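Asker: please find the sequence and the predicted model below.
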Amino acid sequence: MTIVAAYLLLCNSLLFLLMGIDKRKAVKRQWRIPEKTLLGLGLVGGGFGGILSMHLFRHKTTKGSFKAIFTLGTAVAIFLFVYFL
């Protein structure tokens, strides 16, 4: 159980951080983090961190693919948490 919780905490924290960095770089018109990196991390369990960062940083909020993948990633995280509980 603790491994699953640590994995989910890491995925969500990392995605939250990367979304914040990507937003800052977008404002400064600098190199950006690839969308496939953000979407991939959201899909493997980091969806909640992605959704939270979308609203907090107001980043990628109009992209339907991000909303869908992050919602699916949140569902994956909930499933993993409940399954290994």
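Answerer: Now that the structure is in, tell me what you want to look at.
Asker: tell me the secondary structure for the residue nearest to the spatial centre of the chain?
Answerer: Most central residue of the chain, judged by C-alpha distance to the mean C-alpha position with CA atoms, centre = their mean, is residue 50 at 3.0 Å. Here residue 50 is helix, with the state taken from DSSP: H, G, I helix; E, B strand; the rest coil.
Asker: residue 44: what's it in contact with?
Answerer: Neighbour list for residue 44: 11, 73, 76 [criterion: CB atoms under 8 Å, 6 or more residues apart in numbering]. For the C-beta atoms, the positions are set from N, CA and C on the backbone; glycine is no exception.
Asker: residues contacting the residue nearest to the centre of the chain?
Answerer: Applying CB under 8 Å, 6+ apart to residue 50 gives the contacts 12, 15-16, 19, 38, 41-42, 66, 69-70, 73.
Asker: now these in CSV, with secondary structure, distance to residue 5 and neighbour count?
Answerer: Shown next, in CSV, are the contacts of residue 50 (DSSP: H, G, I helix; E, B strand; the rest coil; distance: CB to CB, whole Å; neighbours: other CB atoms under 10 Å):
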residue, secondary structure, distance to residue 5, neighbour count
12, helix, 11, 24
15, helix, 16, 28
16, helix, 16, 21
19, helix, 21, 27
38, helix, 22, 24
41, helix, 17, 25
42, helix, 18, 32
66, helix, 25, 21
69, helix, 22, 21
70, helix, 19, 28
73, helix, 16, 26
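Asker: I appreciate the help and will end here.
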